[in-house]
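Asker: Give me coordinates for this.
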Amino acid sequence: MYHPRARRVLALAPMPPEKAAYALARYSRSSDSIEDSLRWVHSHSSEKFWEQFYFAYGHASIADLGHVTICFENISELAAIRLEDEPLWDGQEKSTRYQNFAVTGCYVPEAIADTEVEGVYRGILGSLFNVYRGLSEPLRRYLAERYPKPEEMKAADYERTLAARSYDVTRYLLPLAAYTNVGQVTSIRTLEKQITRLLSAQLPELRAIGEDLKTVCAKPPSTLWASLMGVDPGPPEPIAPTLARHAAPSPYQAEVYRDLAQYAKTVVKQAGLDHPSAWGEPCAVDFIPPHHPVDELVATLLYRVSHVPYRCILELVQGWHEKTKRETIEIALRRRGPHEELIKEFRSGYAFLFDILMDIGGWRDLHRHRRCQQIPQNFTTLHGYEVPPLLRETGLDQEYCQAMDAVKQDIEQLRAFNQEAALYAIPFGFRVRCLFKMDVAEAEYIIKLRSGVKGHWSYRTVAWLMKRHIQARYPMLGEWIQATPPDVEDALTR
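Answerer: Model (predicted):
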């Protein structure tokens, strides 16, 4: 007679990530129960296993089985953005909507420390934070007068909502240098890619964070929670000691964008596209027509290292001979090692391409969407800045614009002395250009979520324009994609 086995569903207590991955990898390759696998792993060297199967044989999926929780404190907003570029990343960054960033301080590049340039740099940041503080209270008073507290709403909730709406505006003055915190939960596999990418970065702060990550992996983790629970955790083990020894910078990642930038600079200049006057009227959301995947790849590679709209680059590339297109792709491949992944610009073939030009602050929220490919251009003051509608309503826009105009001029002067410092000084209000590639499901998700009344006016407008573009080109698809027009508001909904 057949006797079915009793079904079991078990949850395991947290373990050192490398040993957890080892146990689950063995569990998938034997008939043992998980308890037997744990006992077996406990008596064998996880280090030897990782050396043999992960680093020597390249069984990368093993590293997906071990996860780590890591917190980054007092890093710049610019570093946080680059940290979160991982497509499989899970985490949260300190919100600019619910906290006063005037007290956080800012990152100062080591290259300008104790120099006259540092004084100029701090002067730019100081002027931004002065306006940030100065606008907060007038905005809060205006909002309180316009939206009185409903009787059913708690006073604390009301005040937090007003503060959030106020910070939605004042955060436009926050520089990329502002300190922030990030908490992340990732697999060891993603962590290794993240460390490699950071160690290969051009910015010194990112390379330093990569070194810090290696150090953290080699050290025992914090056991504060166990102490708070009155539990003796025993001698803590390092979270990923084998990974810490092997993670290293990638020459390919370190050089490929420099190679492409040098090439693109010449191509763009020869085509007469090196000045905004040649690009036509700025477009917040440009829905790109379908085109050949080779043209898409070449245009994407050039787009990433320029400030030119995608449509202009695509028109240029479509007029090229096949030999020129091949040369461009070869530049992006020539330094690639045998075991290195292609850079993300090669992730082509999505049906929906949106070239989006919007403020950095609002773009940061769209940047959180992982089920699409994002190709951002470098931050710049070249595209100008946004003026929040609420500032126009309150009559505070003149003070804001004066501050932003002055800062733009100061940043251009600072760039002549130190490009790194000039980059960190750029405020969130300035626009950034980013190419979003996605399928229908992700377009529907972004549009529905980001057009809602709880959202920020900037990305609400972008989401609505995405909906309008889809409906114009594909009426059947556009009809069932739900979206809330940006003029439908509920200021007291968070």
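
Asker: May I see the buried residues of stretch 120-133?
Answerer: Neighbour-count burial for stretch 120-133 flags 120-122, 124-125, 128-129, 131-132 (criterion: 16 or more other CB atoms under 10 Å). Where C-beta positions appear, they are placed from N, C-alpha and C, glycine not excepted.

Asker: Would you mark the buried spots in the worst-scoring helix or strand of the chain on mean pLDDT?
Answerer: Comparing every helix and strand of the chain by mean pLDDT, DSSP states H and E singles out helix 46-49 as the least confident one, with a mean of 75. By neighbour count on 16+ other CB under 10 Å, the buried set for helix 46-49 is 46, 49.

Asker: ditto for stretch 434-447
Answerer: Applying a neighbour-count criterion of 16+ other CB under 10 Å, one finds 434-438, 442-444, 446-447 buried in stretch 434-447.

Asker: swap in stretch 163-181?
Answerer: Those would be 163-180, for stretch 163-181 by 16+ other CB under 10 Å.

Asker: same deal with stretch 249-256?
Answerer: Residues of stretch 249-256 classed as buried: 249-250, 252-254, 256 (neighbour count, 16+ other CB under 10 Å).

Asker: again, but for stretch 308-316
Answerer: For stretch 308-316, by 16+ other CB under 10 Å, it's 308-314, 316.

Asker: what kind of secondary structure is the residue nearest to Ala164 when sequence neighbours are not counted in?
Answerer: Once flanking residues are discounted, Ala164 sits nearest to Arg97: 4.9 Å by CB to CB, 6 or more residues apart in numbering. Secondary structure for Arg97, judged by DSSP: H, G, I helix; E, B strand; the rest coil, is coil.

Asker: how many other residues sit next to Arg97?
Answerer: Residue neighbour count, defined by other CB atoms under 10 Å, stands at 16 for Arg97.

Asker: how close does it sit to Trp40?
Answerer: Arg97 is 49 Å from Trp40, where distance means CB to CB, to the nearest Å.

Asker: and if you look at Gly337?
Answerer: For Gly337 relative to Trp40 (CB to CB), the value is 35 Å.

Asker: Give me the pLDDT value at the nearest residue to Val169 once chain neighbours are set aside.
Answerer: Residue nearest to Val169 in three dimensions, not counting chain neighbours: Pro388, with 4.5 Å by CB to CB, 6+ apart. Per-residue confidence at Pro388 stands at 94 (pLDDT).

Asker: Neighbour count: Gly337 and Trp40, which is higher?
Answerer: Trp40 (15 against 10).

Asker: Now do the same contact list for the more buried one.
Answerer: Counting by CB atoms under 8 Å, 6 or more residues apart in numbering, Trp40 touches 26, 32.

Asker: Helix or strand: which one has it?
Answerer: helix 34-42 (DSSP states H and E).

Asker: Just the ones of the buried residues of stretch 434-447 in strands?
Answerer: Among those, DSSP state E puts 434-438 in strands.

Asker: now the top helix by length along the chain: how far from the chain's centre is it?
Answerer: Determined from DSSP state H, the single longest helix within the chain is helix 116-146. The chain centroid and the centroid of helix 116-146 are separated by 25 Å under CA atoms, centre = their mean, to the nearest Å.

Asker: From the contact counts, what lies against that helix?
Answerer: helix 155-170, helix 389-394, helix 397-415, helix 419-424 (3 or more CB pairs under 8 Å, 6 or more residues apart in numbering; DSSP states H and E).

Asker: Can you check what angle separates that helix from helix 397-415?
Answerer: Angle, helix 116-146 to helix 397-415, by axes from the mean of the first three to the mean of the last three CA atoms, to 10 degrees: 160 degrees.

Asker: average model confidence for helix 116-146?
Answerer: If you average the pLDDT over helix 116-146, you get 93.

Asker: quick one: it to helix 155-170, angle?
Answerer: Using the same axes, to 10 degrees: helix 116-146 against helix 155-170 is 130 degrees.

Asker: This structure: strands as residue ranges?
Answerer: Going by DSSP E, the chain shows strands at 67-76, 90-93, 179-187, 285-288, 352-359, 373-376, 431-438.

Asker: what sits up against stretch 151-168?
Answerer: Contacting residues not belonging to stretch 151-168 are listed as 96-100, 136, 139-140, 143-144, 147, 149-150, 388, 390, 456-457, 491-494 [CB under 8 Å, 6+ apart].

Asker: filter these to the buried ones?
Answerer: Among the contacts of stretch 151-168, those classed as buried by 16+ other CB under 10 Å are 96-97, 99, 136, 139-140, 143, 147, 388, 390, 456-457, 492.

Asker: So Ala80 is in contact with Ser95, correct?
Answerer: No: applying CB atoms under 8 Å, one finds Ala80 not in contact with Ser95, separated by 11.7 Å.

Asker: who's more crowded, those two?
Answerer: Set Ala80 next to Ser95 and count neighbours by other CB under 10 Å: Ala80 wins out with 21 against 12.

Asker: For that one, give its distance to Ala11.
Answerer: As judged by CB to CB, Ala80 and Ala11 stand 32 Å apart.

Asker: Run through this structure and note the low-pLDDT ranges.
Answerer: Scanning the chain with the threshold set as pLDDT under 70 gives 1-3, 50, 53-60, 492-494.
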